[in-house]
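Q: Mind looking at a prediction? Sequence and model below.
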Amino acid sequence: MQKHNLYIVVTRTNTFLGKLIQFFKKDEYTHAAISLDKRLNHMYSFGRKYAFIPFIGVFKHEEVNTGLNKYQKEIPGVIIELEVTKEQYEKATALIAQFISNSKKYKYNYRGLYHGLFNREACSDYRFLCSEFVYYILKESGIIDFKLPRNLVRPQTFLDLEGRVIFKGNIKDIHPRGRGYQLLFPNNKRRIINM
């Protein structure tokens, strides 16, 4: 029987919104994304449309070394592997495909961010925070239910998942390769970590 996995990537970004969340909530991690594969080739979230314009947020395909990430020297983060059923994986994939095909409809949930800082619900059908989107995919796929309004789920919340942490450190140091990650060390030596 083939195993199916989803990957939750939580990071701490050095952005205005990231610092705002960290200041108010004292969270270590301030951004979340979901990937359909271990190599993080199919990683999705809500975030900035343009690297240097913080107030235009959209649904997007994310990459570790592009966009705003390209300009950050260090991105502390954790990758959590969730084992799911074939049906759950297919449902998550179908939901993400809906977001991809209707991406122009979706916007960042700034109202939800503001209300979330004060633990108040503020959800919308077409507006999501990064963690709200990840939670929506997981909940609608029957994988988890935190019993919280979507906008109150924070990146930090995903650390409570019953998954396997397959990476913790500077996300910029990983280069997905096959079944493991190629880590770059300060002396430029490379080492493959199989997981």
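A: Nice, thanks for sending it over. Residues are numbered from 1 along each chain as shown.

Q: now the helix or strand encompassing residue 97, how far from the centre of its chain.
A: Secondary structure from DSSP states H and E places residue 97 in helix 86-101. Taking C-alpha atoms, centre = their mean, to the nearest Å, one finds the center of helix 86-101 at 15 Å from the center of the full chain.

Q: Report the buried residues of that helix.
A: Within helix 86-101, the residues that count as buried by 16 or more other C-beta atoms under 10 Å are 88, 89, 91, 92, 93, 95, 96, 99. All C-beta spots, glycine's among them, are computed from the backbone N, C-alpha and C.

Q: now for that helix, which elements pack on it?
A: Judged by 3 or more C-beta pairs under 8 Å, 6 or more residues apart in numbering; DSSP states H and E, helix 86-101 is in contact with strand 4-11, strand 43-50, strand 53-62, helix 130-140.

Q: re earlier: adding distance to residue 7 and pLDDT, write the buried residues of helix 86-101 out as TSV.
A: Output for the buried residues of helix 86-101, formatted as TSV (distance: C-beta to C-beta, whole Å; pLDDT from 0 to 100):
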residue	distance to residue 7	pLDDT
88	14	98
89	11	98
91	16	98
92	11	98
93	13	97
95	15	98
96	13	97
99	17	96
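
Q: so can I have TSV of those showing distance to residue 61?
A: Converted to TSV, the buried residues of helix 86-101 look like this (distance: C-beta to C-beta, whole Å):
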residue	distance to residue 61
88	21
89	18
91	19
92	15
93	14
95	15
96	10
99	10
